[in-house]
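**Q** Got a predicted structure here, sequence first:
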Amino acid sequence: LFARAFLGEKLSAAGLLLVALALFGAGLMLWTPEVGLPLPTHAAEWSGLIGGMGFAVNNVLSRRAGQLYPEMDARLRTVMVYLGCTAVGLPCALWLEPGGVALAPAIGWGGLALMLGLAATLVLSNSVVQYGLQRLPANRVSLLMLFEIVIAAVSSWWLATETLSWKEAAGGLCIVAAGALSGLVHRARARAAGGEGGAGDPALQPQ
């Protein structure tokens, strides 16, 4: 929706079916019989939903910035993302905690290593996101990013000893299939366009 509004990207019938398949997989992984439909019911879930929407807007606007300023280095866009998060996040943290943000007096070497690892992971992942956003349509990026749910489920099973049921496995397969089919559809269109109007994308030509 944001890509349509800010970038003018149109979602084809095939793309819409792939989005539906991926969302079905995500819903299957999140649905539990006791709770019912995976809809937000309390503040934590609403904050997660709003955070996800904000991340989507950030990705779309980053691609828009790349279109308007193609000479801008992707690393500079990554820095701008972190500056924006700091400018907004720090006042919000202070507002939510009027007495000040309480920091642990001694986190230990293990806690420090964990913080540095998280920081390095965030920098690396956001740099990769900025690279991909300038080379793929935002609609395809949104499909591929749903793979995050699959990684979260597998990581929870591996690191937090949570169970991985058939429901999570089936939903994950739907998400993976949607991402893979998206790439196949894109390549088929690129080949068709190359056959109709010229050589097409050199990267897709046989070597």
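**A** Nice, thanks for sending it over.
**Q** Tell me which residue is most central in this protein.
**A** Against the mean C-alpha coordinate of the chain, by C-alpha atoms, centre = their mean, the closest residue is residue 145 at 3.7 Å.
**Q** The worst-scoring helix or strand of the chain on mean pLDDT - contacts with which helices or strands?
**A** Least confident helix or strand of the chain, by mean pLDDT, DSSP states H and E, is helix 138-145 with a mean of 75. Packed against helix 138-145, as judged by 3 or more C-beta pairs under 8 Å, 6 or more residues apart in numbering; DSSP states H and E, are the following elements: helix 2-6, helix 13-30, helix 43-68, helix 108-133, helix 166-197. (Each C-beta comes from the backbone N, C-alpha and C, glycine too.)
**Q** Now render these as TSV, adding mean pLDDT and mean neighbour count.
**A** Conversion of the helices and strands packed on helix 138-145 to TSV gives the following (pLDDT from 0 to 100; neighbours: other C-beta atoms under 10 Å):
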stretch	mean pLDDT	mean neighbour count
helix 2-6	85	15
helix 13-30	85	17
helix 43-68	85	14
helix 108-133	83	13
helix 166-197	78	15
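**Q** Switch those over to JSON lines; also include distance to residue 80.
**A** Output for those, formatted as JSON lines (distance: least, C-beta to C-beta, whole Å):
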{"stretch": "helix 2-6", "distance to residue 80": "16"}
{"stretch": "helix 13-30", "distance to residue 80": "28"}
{"stretch": "helix 43-68", "distance to residue 80": "8"}
{"stretch": "helix 108-133", "distance to residue 80": "10"}
{"stretch": "helix 166-197", "distance to residue 80": "28"}
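**Q** Which one of those helices lies nearest to residue 151?
**A** Residue 151 lies closest to helix 166-197 among these, at 9.2 Å (C-beta to C-beta).
**Q** which secondary structure elements does that closest one contact?
**A** Using 3+ C-beta pairs under 8 Å, 6+ apart, helix 166-197 is in contact with helix 13-30, helix 138-145, helix 147-159.
**Q** Can I get the least confident helix or strand of the chain as CSV, trimmed to CA atoms?
**A** Below are the C-alpha coordinates for helix 138-145, written out as CSV (Å, rounded to 0.1, in the frame of the first residue of the first chain):
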residue,chain,number,x,y,z
ALA,A,138,9.2,-2.5,-2.7
ASN,A,139,6.4,-5.1,-3.3
ARG,A,140,8.9,-7.9,-3.8
VAL,A,141,11.0,-6.7,-0.8
SER,A,142,7.8,-6.9,1.4
LEU,A,143,7.4,-10.5,0.4
LEU,A,144,11.0,-11.5,1.0
MET,A,145,10.9,-9.7,4.4
